[in-house]
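Participant: here is the input, now give the coordinates:
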Amino acid sequence: MKIIKYTKLKNNQYKILLDNDLEIKLYDEIILKENLLINKEISTEKLNELISLNEYYLIYYKSLKLINTKLRTEKELFKILSKYSDSDTIKKCLDKLKKEGYLNDEVYINSYIHDQILLSLKGPYKIKRELLNLNLDENIIDKYLSNYDNQFYLERIDKYINKRIKVLKNKSNQKILTKLKEELFNLGYQEELIIKSLNNINLPNDLDRLKKDCEILKNKLAKKYSNDKLNYYLINKLLQKGYSYDDIKNII
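Facilitator: Prediction:
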């Protein structure tokens with residue numbers, strides 16, 4: 001087979017027309033590397049080799065584009081690229097990217113932790129769990145998480161608590177504390193730090209709030225129920241808000 005025409009395409013590729021009317025696409029790097037501008041005769045074996053090589057470069061440049069969009073881990077890239085090529089080609093491509101410094105787990109870990117600290121409310125345990133799920137080195141993760149001490153996380157917890165209390169103001173103190181502890185734990189903060197922060201917050205007197213809630217609910221429920229039935233539903237509603245049974249009975 002003989003090359004009879006080159007047509008330039010976008011993304012550094014050329015369309016190659018062979019004398020048997022077969023058309024293939026090749027990256028310019030392959031054309032230069034294989035000296036195809038001079039050696040225009042191609043065997044069937046060589047053609048298959050060029051097609052395979054071009055697929056490798058296709059995956060390589062797609063990887064670069066993905067990395068330029070945002071930092072990626074090896075696991076992330078492999079998962080995305082598996083839609084386009086076989087595992088051997090992808091592994092060769094990823095090895096090349098690592099050698100060239102485009103794929104660096106330590107850079108990724110440092111950047112990820114910095115972004116999560118800056119842009120989210122996540123605590124260290126959740127950030128670490130997410131990075132471990134990407135098969136990243138635990139020692140490197142711990143190294144960069146250690147840049148932030150307990151005092152830093154206490155300030156983040158306090159800020160979160162002060163914001164959430166305004167939203168939870170209509171609940172009982174016990175309900176507020178339980179809810180905050182659960183939310184902060186799910187965000188990945190250390191239980192010891194959560195408890196320390198919760199012990200320092202000042203909440204309004206629970207009995208005053210209970211009296212107010214009791215009055216509001218009683219007026220609402222009295223439209224449907226009376227006597228023992230009214231008290232039954234009133235107690236249940238107040239228990240759901242987190243008030244203690246003894247306090248409810250005393251108020252009623």
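
Participant: buried stuff in stretch 142-160?
Facilitator: 144-145, 148, 153-154, 156-158, 160 (16 or more other CB atoms under 10 Å). For every residue, glycine as well, the C-beta is placed using N, CA and C.

Participant: likewise for stretch 53-70?
Facilitator: 53-54, 56-63, 67.

Participant: mind giving me the domain ranges of this structure?
Facilitator: 3-99, 105-145, 150-198, 206-251 (automatic domain parsing).

Participant: which of those has the lowest mean pLDDT?
Facilitator: Lowest mean pLDDT of the domains of the chain: domain 206-251, a mean of 82.

Participant: next one: that domain to chain centre, how far?
Facilitator: 43 Å (CA atoms, centre = their mean, to the nearest Å).

Participant: which helix or strand contains the nearest residue to L26 once chain neighbours are set aside?
Facilitator: Nearest residue to L26, sequence neighbours excluded (CB to CB, 6 or more residues apart in numbering): N54, at 5.1 Å. Under the criterion of DSSP states H and E, N54 resides in helix 44-69.

Participant: what helices or strands is that helix leaning on?
Facilitator: strand 23-27, helix 28-33, helix 74-81, helix 87-99 (3 or more CB pairs under 8 Å, 6 or more residues apart in numbering; DSSP states H and E).

Participant: nearest to I251, out of the ones you listed?
Facilitator: When the helices and strands packed on helix 44-69 are compared by CB to CB, helix 74-81 sits nearest I251, at 56.3 Å.

Participant: how about the helices in the stretch 101-250 of the chain?
Facilitator: 105-119, 124-132, 138-145, 150-167, 173-186, 191-198, 206-221, 227-240, 245-251 (DSSP state H, counting those that start in this stretch).

Participant: and those helices: which comes nearest L47?
Facilitator: helix 105-119 (37.8 Å).

Participant: quick one: buried residues of the closest one?
Facilitator: 105, 108-110, 112-113, 116-117.

Participant: SS state for the residue lying closest to V107 once chain neighbours are set aside?
Facilitator: Nearest residue to V107, sequence neighbours excluded (CB to CB, 6+ apart): L71, at 6.9 Å. Here L71 is recorded as coil under DSSP: H, G, I helix; E, B strand; the rest coil.
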